[in-house]
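1. Sequence plus predicted model, see below.
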Amino acid sequence: MSFTSQHNVKRKILLILKVLNSLQKPAGSVVIAKLLKERGVELSERAVRYHLKLTDEQGLTQLVRGRDGRIITEKGLHEIQSALVVDKVGLSISRIEQLAYRTSVDLENLNGLVPVNISFFSEDTFPDAVRSMSPIFENGFCVSNLIAVAGGGQYLGDVLVPEGNIGLATVCSIVVNGALLKAGIPMDSRFGGILQLQNHKPVRFTEMIYYNGSSLDPSEIFIKARMTSVRDAATTGDGEILANFREIPAICQPLAERIVQNLRNAGFNGVLVTGNVSENICEISIDLNRIGIILVGGLNPVAAAAEAGIEVENRSMSSVIEYRKLVSYREALNEIRKIPARGYSDNGKNKKSSQVLQQI
């Protein structure tokens, strides 16, 4: 078998594993082939069966109760996590484009799908995490104060929250991409970075990672590296926050301004700074007849929790949620304030708190 053939087989196996992982239940070739087709991959049922035989032999999948289908194994999960490097490069920009396309929020009727980041906190640290995030929401260092919360075993969009965790969905800055895309405005997503603020004003980017060369969302990397000082920025006006850099054609400026205002009216304040035609913005050069736009990072509240030493697992740019399933941060906070701070999980209270959070 040639190198190219081997590579194609590995890619198909990886796609099948991802489908099985998303289902969280046994599935056969018919279901897998159908789901692959929905994702734009044409693979016959016979071809799926052939590749499933290979995954069984490699220990990546396991047959369940004869003909009921396969499930993914621990080895299969590891294979997804360590997927081909070639397939990973540029994944970040691809996720932005796909999520922008899936965004369908109606800014007048306030319905439709909104792109979100998903973050997982352990049940016993979640109330403290929310308290750490409060100044960020209150001072507007987020795309929106609308959130969604779910307990272990529940879904946020199409992401399953692990048992023992609380899932938090925050609105992603891609909502701006999606709104402009639906209006016919092309937006070039260039990089995610760390934006320095002084006296409440954005000054310059101190760090940046280009989307087209990264397999991870830059915000996830910066949060893990503890490179932000979002809480300082929110409380004192001086600090470093997560931000994203975009460009649009100058000819689209009037329409873009109307769309941005409509977004604000609907509760989405993702646009932090809009530059002038062909003029540098926060020390970033702009091409001729282009306009630079800086979007506030949707994970800034989560970054503040991480700064407080609270462990969090992020899956940024991961899903979409119906607008009407989102609630205001203050509404959620009122429920969470009923839960005592650290130590409340003793004597079975942890389970009770999870039930309270699931009702938010």
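-> Looks like it came in fine.

2. So G59: helix, strand or coil?
-> Look at G59: counting by DSSP: H, G, I helix; E, B strand; the rest coil, its state is coil.

3. My error: substitute V31 in the last question.
-> What three-state DSSP gives for V31 is helix.

4. what's the burial count for it?
-> V31: 17 surrounding residues under other Cβ atoms under 10 Å. C-beta: built from backbone N, CA, C; applies to glycine.

5. Spatially, what comes nearest to it if we skip its sequence neighbours?
-> In this structure, V31 finds its nearest non-sequential neighbour in G69, 7.2 Å apart by Cβ to Cβ, 6 or more residues apart in numbering.

6. quick one: contacts for N300?
-> Counting by Cβ atoms under 8 Å, 6 or more residues apart in numbering, N300 touches 136, 141-142, 228, 230, 241-242.

7. Apply 10 Å and report the result again.
-> By Cβ atoms under 10 Å, 6 or more residues apart in numbering, the contact set of N300 is 133, 136-137, 139-143, 170, 173, 219, 223, 228, 230-231, 233-234, 241-243.

8. just to revisit the earlier point, can you verify my assumption that the residue nearest to V31 contacts L52?
-> Yes: between G69 and L52 there is a contact under Cβ atoms under 10 Å: 9.0 Å.

9. Pull up the overlap in contacts between these two.
-> Joint contacts of G69 and L52 (Cβ under 10 Å, 6+ apart) are 20, 27-29, 32, 61, 63.

10. farthest-separated two in those?
-> I32 and L63 (13.4 Å; Cβ to Cβ).

11. and the two? which has more neighbours close in?
-> Higher neighbour count among I32 and L63: I32, with 23 against 14, using other Cβ under 10 Å.

12. What distance do you get for that one to P26?
-> According to Cβ to Cβ, to the nearest Å, I32 and P26 sit 11 Å apart.

13. Overlap in contacts, those two.
-> 20, 69-70.

14. which one among the residues you listed gets closest to K182?
-> Once Cβ to Cβ is applied, the member of those that ends up nearest K182 is L20, at 32.6 Å.

15. How is this structure divided into domains?
-> The record's domain parsing of the chain by automatic domain parsing lists 3-87, 89-360.

16. Could you tell me the least trusted of those?
-> In terms of mean pLDDT, the lowest-scoring of the domains of the chain is domain 3-87 (a mean of 82).

17. what about the closest residue in space to L91 that isn't next to it in sequence, neighbour count?
-> Among residues not flanking L91 along the chain, S215 sits closest, at 4.6 Å (Cβ to Cβ, 6+ apart). Residues near S215, counting by other Cβ under 10 Å, number 14.
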